[in-house]
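>>> after the sequence you'll find the predicted model.
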Amino acid sequence: MKQVIARGLLSALGGLTLYPCLSLAQSPVAMPQALARSVPKAECKSNDDWSEPSFARHIYGNSWYVGTCGISVILIATPQGHILIDGATEQAAPDVEASIRSLGVNLSDIKTILVTHEHHDHIGGVAQLQKDSGAVVLTRKAALDALRQGKNSPNDPQFGELKNFPPISNVQAIADGGLIRLGSVKVNNIPMTGHAPGGSGWSWQECENGVCLNLMFSDSISSISNASYRFSSSGAITSKLRASIKRLSNTPCDILITGHGKQSNLLNRLDGKATLSEPKACKELATTGRENLSKRLSEEARSRSR
């Protein structure tokens, strides 16, 4: 794959390639067509089921939902190649691939896979998707080792409670806040450490009939952990979580996508059962994350005083 740096210097740090701004030049590929191949449209039994198969849905412009009933996977299409964000669980990989193919897209048309964070429910299927597509996987440096090793780092708040996942090949690092260019699409990295050390949000713009909207795939900002982790301890990543919440609140956001779609009522919005565009959604999610963190810190303080 031909890689061209559009802005900024390409730097090697101990074999690690950081892309402040990366343009991926590709030959034209087929664009998605709504249900180019017929697939069943069965209702989800549970919007909490990470691996229950679902069907492809159009979001806006050239962005499509190809995830499961409980986990979001997003396809961003360009004539020069496609971008995939996340891969759901290892078990779900064949169904995610079937959803992609249902749009008339070949897996080899996917040139880049981005990830939100290094937990098995969101990237368990990425190894298979990367293998079958030949795409490069991009993540922040903080998540690089976890993706390559297939396991979470000890400084993850949920360390010890998470399943391992298949190690991912052809993983490279993008600089925090970096920009991915593919065709006319520009996808911005939003550093979102907190739920996991290498968390990322991804934002981009799509247009239809002259109306352009900002899409935001937010990483989780929940302050959950294993039994021993304390967000109030000196080594915790609490300040980074607060910064992530602030970034989410400040990001232009007409269409909010969350990794666990139920959190943003995503499938109902995509199915026309609720309003698709909610410009205040990111600010409201940030407010909820901030309140939950404050509640968690208060609970830890009460626990220490007993």
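All right, it came through fine.
>>> going forward, measure contacts between C-alpha atoms and count neighbours the same way
Will do.
>>> which residues touch V66?
Applying CA atoms under 8 Å, 6 or more residues apart in numbering, we find V66 in contact with S54, F55, A56, R57, S72, V73, I74, L75, V96, S99, I100.
>>> what separation do you get for D176 and N155?
Distance of D176 to N155, given as CA to CA, to the nearest Å: 19 Å.
>>> more neighbours, those two?
Counting neighbours by other CA atoms under 10 Å for D176 and for N155 shows that D176 has the greater number, 20 against 13.
>>> touching, L267 and H260? I think so.
No. Using CA atoms under 8 Å, L267 makes no contact with H260, being 10.3 Å away.
>>> who are the contact partners of L241?
Counting by CA under 8 Å, 6+ apart, L241 makes contact with M192, T193, G194, H195, I221.
>>> pretty sure it sits in a strand.
No. L241: not assigned to a strand; according to DSSP: H, G, I helix; E, B strand; the rest coil it is helix.
>>> from P166, how far off is it?
27 Å.
>>> what of P154?
Distance from P154 to P166, by CA to CA: 18 Å.
>>> ok, these two, which is more surrounded?
With neighbours defined as other CA under 10 Å, P154 and P166 compare such that P166 has more, 18 against 10.
>>> do you know the pLDDT at that one?
As predicted, P166 sits at a pLDDT of 97.
>>> got phi/psi on the residue nearest to it when sequence neighbours are not counted?
Residue nearest to P166 in three dimensions, not counting chain neighbours: G150, with 5.2 Å by CA to CA, 6 or more residues apart in numbering. Torsion angles at G150 (phi, psi; degrees, to the nearest 10) stand at phi 80, psi 30.
>>> so G150 sits against K163, correct?
No. Using CA under 8 Å, G150 makes no contact with K163, being 9.2 Å away.
>>> was I right about H122 contacting D86?
Yes. Between H122 and D86 there is a contact at 5.8 Å, judged by CA under 8 Å.
>>> identify the contacts common to the two.
Residues touching both H122 and D86 by CA under 8 Å, 6+ apart: S72, V115, T116.
>>> and the buried ones among the residues you listed, selectable in PyMOL?
Filtering the shared contacts of H122 and D86 down to the buried ones (16 or more other CA atoms under 10 Å) takes a single PyMOL command:
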select buried, resi 72+115+116
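>>> mind checking which of the shared contacts of H122 and D86 land in helices?
Taking DSSP state H, every one of these sits outside helices.
>>> would a markdown table of the shared contacts of H122 and D86 with distance to S203 be doable?
Shown next, in a markdown table, are the shared contacts of H122 and D86 (distance: CA to CA, whole Å):
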| residue | distance to S203 |
| --- | --- |
| S72 | 15 |
| V115 | 12 |
| T116 | 11 |
